[in-house]
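J.: After the sequence you'll find the predicted model.
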Amino acid sequence: MPGRTINNIGAESSRKRSRLVPPHDSDDDDIIDVRQASSSLRGDSSKRVRLSNDESNKGGHRFGRHSTPDTSDDAEEPSNGGGEPNSPESPAKTQYELMRDGNFEHLQHQAADDQRATQRLRFRPNLLGDNAIADNGIIESITCVNFMCHQRLHCELGPLLNFIVGENGSGKSAILTAITLCLGGKASSTNRGGSLKSFVKEGCERGFLSVKIKNQGQDAYRHDVYGDSIVVERHFSKTGSSGFKVKTYMGQIISTKKQEVDEIVEYYALQVDNPLNVLSQDNARQFLNASTKTQKYKFFIEGVQLQQLDNDYRLISESLEQMVAKVPDQEERVKHAKADLEKANQLKEAFEGNRKTRVKYRTVRRQMVWAQVEEQEKELERRDDVLKAARTRVADAERLVREKQQAFEIASDKVTGSEEAVQNIREEEGEKAKLVEEADDVFKKLRKELEHLHHEEREAHQQLKAASDSIADLKKKIDAEAKRLEDANGEAHTLKENELKEAMAKIENLTKEISDNKTRELTLKNGVDDAKKALGAISDELQRKKEEISAAQVNIQQLQEKQNTLYSGYEPKVPDLVRMIGRDNSFENKPIGPLGAHIQLLKPEWSSILEKTLGGNLNAFLVTSKRDQKTLQEMISRFQIRNCPVLIGSRHPINLNGKEPDESFDTILRVLKFDNNMVRDQLIINNMIEQVILIPERLRAEEIMFNGAAPRNVKACLSFHEKKRGEGLRLTRNDASGSISTSPIVPNYSQRPRMKTDSDSQISYRQELLKQMEVEYRAIDSEKRRNQQEAQRCQAELMSLAKERKSLETQLRHARVLAERLESDLDQFDGADGRLRGLQEQLKELEASEHHHGLQYGTLELRRKEKNAVVEKASKELKEAKLKMKDFEARLEKELSKLKRLGDSRRIELTETNEACSSLEITKEELEQAEGKRERQNKHVLEFTEQAEAGFSPRTPIPDNETHLTLKKTYEALGKRLEEQEKKTGMTEEEVNVNLARAKEAYNKVVDDLHSIKAVNTGLRDTLNLRLEKWRKFQRYISSQSRANFIYLLSERGFRGKLLLDHERKALDLQVEPDRTEKRAAGRNTKTLSGGEKSFSSICLLLSIWEAMGSPLRCLDEFDVFMDNVNRAISTNMLITAARRSVNRQYIFITPNAIEGRNTLDRDVKIIRLTDPRQRTLADH
């Protein structure tokens, strides 16, 4: 049954012509077995190699046979010639060769291919003998008459192995030549002559060849016609004439055409022109001994049919190019045929139009009348639409009035609520005043008690003073007594004692003064350090505030002068960048940016805080692809813009359903207005603007964020700083860790606004902010001066204390020296008189009384201090009460201000309500006018309709896009056309119809031809690609199979070597190492081998190639001519063994040497001995 071949165009069936493939090979999808390679595109049909996938072996599938056209007998096959591809002389590769070779990627896995080929060799059957005889396709006999040296030669061949033996000159090679010529081969391919006439025996005029081919079995060639054998005869003469006869086994002539011979030869894949299939004596000598690498490669690709397939596919490629070149010409023919057809149709329509024009003329007239009716109806529809719109406006105005009335009622309710709040606050006024009065009474009472304590303290002080005076008097008496004693005993003792007391008192006073001096010095130093630190911080704060004021003044000035353009808040080169982006067309999508230019801030009071929060993202540009990002970054680098990131965004909007906080909160997203959703989505991704709420008061913000559960969908909160106007705070809460944080937001006042805002609101807000900053600046400057004065005062006191301590330390040293000297002098005096002791005892009692009064005075003083604290507390409470009163007054003032604002809002709502009512009256008047116009238009429609129905009933539909004016023009044009057509005369109607039919036929033919050419081109292109793919697989498989077989055959004699196939350089070489003891991996070049070793290596190469070929016939002439007896015996046994492994193959070996006695001979081997033709003997064994 039919099977696939390399060209995949087989039409008939063929038998398998190679050995069976082991089952395990079917798993390898990339390996294909050699079956037959053929093509019907070339005239030479004698070279055939089969190729199929392994799967086609199953079930005994057969492979297609192909026929080829007849060719001339004397035609010479073109030479493939040419040097190596890489040589300087070699031409550049054509487009076809590039397609065919595919960069030789299919040959990149040589090791794996060789491994699989080796596995197939290992698993093939090892049994020899009992080779199967082919049912068909083998040569049964050969007959030569007047051919070369033979007058008549008849040779019966065995079905398997045939050895033709004879001495030189016995005509052995003539048998192979006869097979080649009789089966349609060229005379030049035999290397025995240039034409057939040279093969006629000398002295004869005519020659005759006959080959009998076995034709039995299920896949026999036309068995019902030819029977069990096909006889092919070829007759030729000295004059150069020749002819074929194809007969049945009974001698009946079936055909005399060479085409039938080619069909038979191709069907059985005999390949008689294949130089390796029928290896003549000269070709055998050249192949086995004298060929170069290039010549061996040429033998190889011709032997395995790669060259023929390449030539066939090259022919397909050339044909495809020719067919493609025909398409433009054919398209031009189609264009001309179409123009002719259109002219014929126009002429036909002109004749047809004369009859139809009058019908159309009357139809257009009716349409003109009804078109006027339709226009009036459309005007009525337009009036209906106007009326409907007026009614809609009335409904909208009524709805607006209701809304404004509701808004006015709401505003009135708010005013009422505010008035009630003011009233409630004023009710608290009496209570607040009462608290102040009560606090004042308590303070006055406590102050009186304090004055009483002051009086008692003064009395105690007087008693203490009296006791002190008595002590002073008594001391005078003691001094007088002491003087009397001194008069009696001398005054030296008393003087010394007084001097000692004074010295000790002075030491104690000096020590205390020095200690106090050091304490004051430490305190002053700390004060100086604190003042300097505070002064440094205040100076920094003052400088920062000054810069903020300058920046704010510049911003206000720019806003007032309207110099704040859309890009004034960005780097100077940004406008140039935006203009370049607008001019550049290389972007997939135009970049968007800077982002701040696409955002409008609805609440300007948050401007500086949001500018700081959003930061550099406002400078960014948005793109939609990595390529656009790279392009834009290059532009930014060109302009040397530093702070301008490029972000990649998506055009798919973010869905915020269920992801935003409660509507009662302002978020960053809600106070911003975007003119591009991609900008909004980018800030949502980068800054979470949909989940950051804005609360102006810090206390309320802390209460919402930190007290109780955090609000839903809130990540952070921004609020204003309660002391530093213009600055803000960011409050965050982490429920997972339980931590809360508050961080400051310090705006950059030198940064111009990048987001768009209302200019007047922005200026007002900036001016208020500037006033607050100036107040803060003055307060900071006053604090700075106070700290400077304090530092100067402390520094002066430190210098004074240093001088004072130095003087005190000097006095202390002198007093201590004096005391030591006085104590030494007193040791020399004795005691005093008893009266003096009495006075001294009395002095002690007075001193005790003085101590008692002192304690009393101290207690009163302590009580006075405690009372002072109570009075101060009462004074503080009085101040707090007065402060609360001030707060109350401020709250009242605030509520009154709110009441005023709400009153203003109510007045505005009232004005808008009145305006809405006025607008409603106007729209009602417009509605009345629209109703009147609609009624009048309806009457017009009725009048036009009655007139049209009177003369042109029934109503005629109007074509689309037609009006009364266009129909009138058409009506006039039709009238003129009728006049012109009546004047024209020309072809008859029959001639017009014939001309149109011919134009249609010509047009259809050229269109069909164009489609056919395109279809053929597509088929040829697909077929060529498929064939080249299979050609590469065939080349890959046959190369690996040959390499593996060559290595295996060398091993039969213990040789090592390898077959080097280089398809890219078109070279084939052998490396053989006959010496098995040689350890080197690489073999020797064949030039270094002996004659026998070289012939044996060449036989191995030939057998490895034969193993990959699919022809049932193998012929080899004088294969052992250069071998010694050992190599000849080994080669002969190898040939016989290889032949027995090849199922259904017939082998013909020619040798001048006897082969009797070989242990490999058996009944499947037939030896044919030829003697000198002059003896006319034929011996068969």
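T.: The structure has been received and is ready for your questions. Just so we're clear, the structure is a prediction, and the values are computed from it rather than from any experiment.

J.: how about the helices in the stretch 951-1100 of the chain?
T.: Using DSSP state H, counting those that start in this stretch, the helices of the stretch 951-1100 of the chain run over residues 964-983, 989-1051, 1091-1106.

J.: So for residue 112, which of those helices sits nearest?
T.: Closest approach to residue 112 among these (Cβ to Cβ): helix 989-1051, 8.7 Å. For glycine as for every other residue, the C-beta is placed from the backbone atoms N, C-alpha and C.

J.: And what about residue 744, helix, strand or coil?
T.: With DSSP: H, G, I helix; E, B strand; the rest coil as the basis, residue 744 sits in strand.

J.: what bridges to it?
T.: Bridge pairing for residue 744 (DSSP bridges) gives the partners residue 729.

J.: and it, how many neighbours?
T.: When counting by other Cβ atoms under 10 Å, one arrives at 10 neighbours for residue 744.

J.: For it, give me the pLDDT.
T.: We have a pLDDT of 85 for residue 744.

J.: How about the contacts made by it?
T.: Each residue near residue 744 by Cβ atoms under 8 Å, 6 or more residues apart in numbering is listed here: 721, 727, 728, 729, 730.

J.: taking the helices of the stretch 951-1100 of the chain together, which one is wrapped up most tightly?
T.: helix 1091-1106 (a mean of 23; mean count of other Cβ atoms under 10 Å).

J.: list the helices and strands it packs on?
T.: helix 293-303, helix 989-1051, strand 1056-1062, strand 1067-1073, helix 1125-1141 (3 or more Cβ pairs under 8 Å, 6 or more residues apart in numbering; DSSP states H and E).

J.: out of the ones you listed, nearest to residue 329?
T.: Among these, the nearest to residue 329 by Cβ to Cβ is helix 989-1051 (9.7 Å).

J.: Also compute the angle for the closest one relative to helix 1091-1106, please.
T.: Relative orientation of helix 989-1051 and helix 1091-1106, computed by axes from the mean of the first three to the mean of the last three Cα atoms, to 10 degrees: 140 degrees.

J.: Now do helix 989-1051, average pLDDT.
T.: 85.

J.: Mind giving me the packing neighbours of it?
T.: Counting by 3+ Cβ pairs under 8 Å, 6+ apart, helix 989-1051 packs on strand 32-37, strand 49-53, helix 95-101, helix 110-122, helix 306-427, strand 1056-1062, helix 1091-1106.

J.: could I get these as a markdown table with distance to residue 708 and mean pLDDT?
T.: Below are the helices and strands packed on helix 989-1051 laid out as a markdown table (distance: least, Cβ to Cβ, whole Å; pLDDT from 0 to 100):
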| stretch | distance to residue 708 | mean pLDDT |
| --- | --- | --- |
| strand 32-37 | 81 | 39 |
| strand 49-53 | 80 | 36 |
| helix 95-101 | 79 | 81 |
| helix 110-122 | 75 | 82 |
| helix 306-427 | 26 | 82 |
| strand 1056-1062 | 87 | 84 |
| helix 1091-1106 | 94 | 76 |
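
J.: which one of these lies closest to residue 170?
T.: Nearest to residue 170, of these and by Cβ to Cβ, is helix 1091-1106 at 21.7 Å.

J.: could you point out which element follows that closest one?
T.: Using DSSP states H and E, the helix or strand that follows helix 1091-1106 in sequence is strand 1113-1117.

J.: same question for that following strand, mean pLDDT?
T.: In the prediction, strand 1113-1117 has an average pLDDT of 82.

J.: what's the answer for stretch 247-258, then?
T.: What stretch 247-258 shows for mean pLDDT is 91.

J.: about what we covered before: find the one among the helices and strands packed on helix 989-1051 with the highest mean neighbour count.
T.: Most buried of these, by mean neighbour count (mean count of other Cβ under 10 Å): strand 32-37, with a mean of 26.

J.: returning to what we had before: with distance to residue 753 as new columns, can the helices and strands packed on helix 989-1051 be given to me in CSV?
T.: Output for the helices and strands packed on helix 989-1051, formatted as CSV (distance: least, Cβ to Cβ, whole Å):
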stretch, distance to residue 753
strand 32-37, 77
strand 49-53, 77
helix 95-101, 65
helix 110-122, 72
helix 306-427, 32
strand 1056-1062, 77
helix 1091-1106, 89
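
J.: Of all those, which one is nearest residue 1045?
T.: Going by Cβ to Cβ, the one of the helices and strands packed on helix 989-1051 nearest residue 1045 is helix 1091-1106, 3.5 Å.

J.: before we move on, the earlier item: which stretch among the helices and strands packed on helix 1091-1106 approaches residue 164 most closely?
T.: helix 1125-1141 (13.4 Å).

J.: any idea how far that closest one is from the chain center?
T.: Chain-centre distance of helix 1125-1141: 66 Å, with Cα atoms, centre = their mean, to the nearest Å.

J.: looking at this structure, which helix or strand is least sure?
T.: When the helices and strands of the chain are compared on mean pLDDT, DSSP states H and E, strand 49-53 comes out lowest with a mean of 36.

J.: and the helices of the stretch 951-1100 of the chain as CSV, adding distance to residue 168?
T.: Below are those laid out as CSV (distance: least, Cβ to Cβ, whole Å):
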stretch, distance to residue 168
helix 964-983, 100
helix 989-1051, 29
helix 1091-1106, 18
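
J.: what about the ones you listed, which gets the closest to residue 209?
T.: Residue 209 lies closest to helix 1091-1106 among the helices of the stretch 951-1100 of the chain, at 25.2 Å (Cβ to Cβ).

J.: send the alpha carbons of that closest one over as CSV?
T.: Output of helix 1091-1106 as CSV, limited to C-alpha atoms (Å, rounded to 0.1, in the frame of the first residue of the first chain):
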residue,chain,number,x,y,z
GLY,A,1091,47.3,-1.1,-0.5
GLY,A,1092,45.4,-4.0,1.1
GLU,A,1093,44.5,-2.0,4.2
LYS,A,1094,43.4,0.9,2.0
SER,A,1095,41.2,-1.4,-0.1
PHE,A,1096,39.8,-3.0,2.9
SER,A,1097,38.9,0.4,4.4
SER,A,1098,37.3,1.4,1.2
ILE,A,1099,35.3,-1.8,1.1
CYS,A,1100,34.1,-1.0,4.6
LEU,A,1101,33.1,2.5,3.5
LEU,A,1102,31.3,1.1,0.5
LEU,A,1103,29.4,-1.4,2.6
SER,A,1104,28.5,1.2,5.2
ILE,A,1105,27.0,3.4,2.4
TRP,A,1106,25.3,0.3,0.7
